[in-house]
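Colleague: Predicted model follows, preceded by the sequence.
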Amino acid sequence: MHPRKRRLGLIASLGMIALLGIALLAAAGTAIAQGRELLPAGIAQGTCDKFTIPPQYPLHAVGSGMVANGTPVTTGPQVGQKEDIYPVFDSVTTLDVKLSDILASPHALNVSEMSQNTPQSIACGNIGGTQLGTDLAIGLETQNRSGYSGIALLRANGNQTLVLIFLSQGLSGEEAPAAGTAAAGTAATTSGAATMAVSIKSFAFSPPSLTVAAGTTVTWTNNDSVAHTVTADNGSFDSGQIQPGATYSHTFASAGSVAYHCSNHPFMKATVSVK
Ligand SMILES: [Cu+2]
């Protein structure tokens with residue numbers, strides 16, 4: 001699709017987002033998985049290809065349920081559909097600068113992820129486009145194959161500018177699930193079988209809690225469109241990057257409970273209990 005056409009479509013969507021305002025922000029917070037991964041954000045001089053660091057206008061970090069200038073909102077229960085939902089990360093910042101001043105020279109809105117204590121850009125948008133009243137909506141393009149993309153809204157408000165960021169991951173679509181993966185949505189599964197399957201889909205491990213007999217081999221299949229890892233919290237196993245469609249297996253020899261996570265997306269957490 002032509003980028004400009006896509007951007008116009010995004011602006012149309014943004015109109016609704018702007019109208020829904022805080023109500024939508026609260027809803028976005030509830031859609032987030034547990035955990036608060038914070039993604040540093042800012043408006044920098046330059047373009048997404050080359051911008052200054054640190055940013056001229058730092059923004060509140062993008063995270064789950066970060067409403068009202070960095071104050072977290074209490075996340076509610078999981079509601080609505082359980083599958084194929086995409087957690088939305090958000091950020092709201094009021095800057096003490098006029099939007100027209102930001103627009104007076106080239107600026108880019110960049111969101112980063114801390115990778116080994118170094119910020120790496122994961123989504124970025126050059127600030128420009130058609131202003132709708134006081135609002136300018138921009139698309140945030142995936143950077144460094146992060147899978148993150150989204151929309152930012154910059155709203156002129158006198159001498160201030162309200163900046164809203166909505167970011168999600170995997171929105172460009174997923175590949176068809178591989179055959180033979182575990183059914184999703186099961187809270188806990190018990191089995192004495194020698195092999196068990198866990199599906200990685202929509203940025204979640206399914207089932208999130210698995211109970212197996214000692215000696216069982218568990219196979220994880222990545223049914224998402226981005227890479228994930230299966231990493232034991234205690235370091236006893238680590239898959240490395242599991243590309244979309246690929247699998248990883250680990251045999252649990254001794255009894256005990258092992259929590260694990262995805263090192264790319266620390267909010268992805270699950271447990272295997274070995275009896
Ligand atoms: Cu992951």
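Modeller: Sure thing, it's come through.
Colleague: use CA for all of it now, contacts and neighbours both
Modeller: OK.
Colleague: any low-confidence regions in this protein?
Modeller: For the chain, the stretches with pLDDT under 70 are 1-37, 64-76, 116, 173-193.
Colleague: which residues of it fall in helices?
Modeller: 3-30, 99-103 (DSSP state H).
Colleague: Show me how far stretch 78-87 is from its chain's centre.
Modeller: 14 Å (C-alpha atoms, centre = their mean, to the nearest Å).
Colleague: Then stretch 251-267?
Modeller: Mean-position distance between stretch 251-267 and its chain equals 21 Å (C-alpha atoms, centre = their mean).
Colleague: now check it, is it near the ion?
Modeller: Yes - judged by C-alpha under 5 Å from the ion, stretch 251-267 and the ion are in contact via Cys262, Asn264, His265.
Colleague: Among the residues you listed, the buried ones, what's the PyMOL command?
Modeller: Buried members of those, defined by 16 or more other C-alpha atoms under 10 Å, are picked up in PyMOL with:
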select buried, resi 262+264
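Colleague: need the residues of stretch 251-267 next to the ion in CSV with distance to Gly42, can you?
Modeller: Putting those into CSV (distance: C-alpha to C-alpha, whole Å) gives the following:
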residue, distance to Gly42
Cys262, 26
Asn264, 21
His265, 21
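Colleague: Relative to Thr130, which of the residues of stretch 251-267 next to the ion is nearest.
Modeller: Using C-alpha to C-alpha, His265 comes nearest to Thr130 of these, at 33.8 Å.
Colleague: Contact residues of the chain facing the ion?
Modeller: So the chain meets the ion at His228, Cys262, Asn264, His265 (C-alpha under 5 Å from the ion).
Colleague: so how many other residues sit close to the nearest residue to the third one once chain neighbours are set aside?
Modeller: Same thing as Asn264. With sequence-adjacent residues excluded and distances taken as C-alpha to C-alpha, 6 or more residues apart in numbering, Asn264 is closest to His228, at 6.2 Å. Other residues within reach of His228, judged by other C-alpha atoms under 10 Å, total 27.
Colleague: His228 contacts Phe267, correct?
Modeller: No - using C-alpha atoms under 8 Å, His228 and Phe267 do not qualify as a contacting pair, with a distance of 11.7 Å.
Colleague: show me what contacts Ala246?
Modeller: Ala246 makes contact with Thr221, Asn222, according to C-alpha atoms under 8 Å, 6 or more residues apart in numbering.
Colleague: hang on, I meant Ala152
Modeller: Ala152 is in contact with Ala137, Ile138, Gly139, Leu140, Val163, Leu164, Ile165, Phe166, counting by C-alpha under 8 Å, 6+ apart.
Colleague: Inside strands: which ones of these?
Modeller: Ala137, Ile138, Gly139, Leu140, Val163, Leu164, Ile165, Phe166 (DSSP state E).
Colleague: Please report the distance of Thr161 from the ion.
Modeller: 34 Å (C-alpha to the ion, to the nearest Å).
Colleague: In the protein, what residue comes closest to the ion?
Modeller: Nearest residue of the chain to the ion (C-alpha to the ion) works out as His228 at 3.6 Å.
Colleague: In contact with that residue, which residues are there?
Modeller: By C-alpha under 8 Å, 6+ apart, His228 lies in contact with Asn222, Gln241, Ile242, Gln243, Cys262, Ser263, Asn264, His265.
Colleague: since we're on the second one, how many residues are nearby?
Modeller: The number of residues packed around Gln241, counting by other C-alpha under 10 Å, is 17.
Colleague: Please name the nearest non-neighbouring residue to it.
Modeller: Thr229 (5.1 Å).
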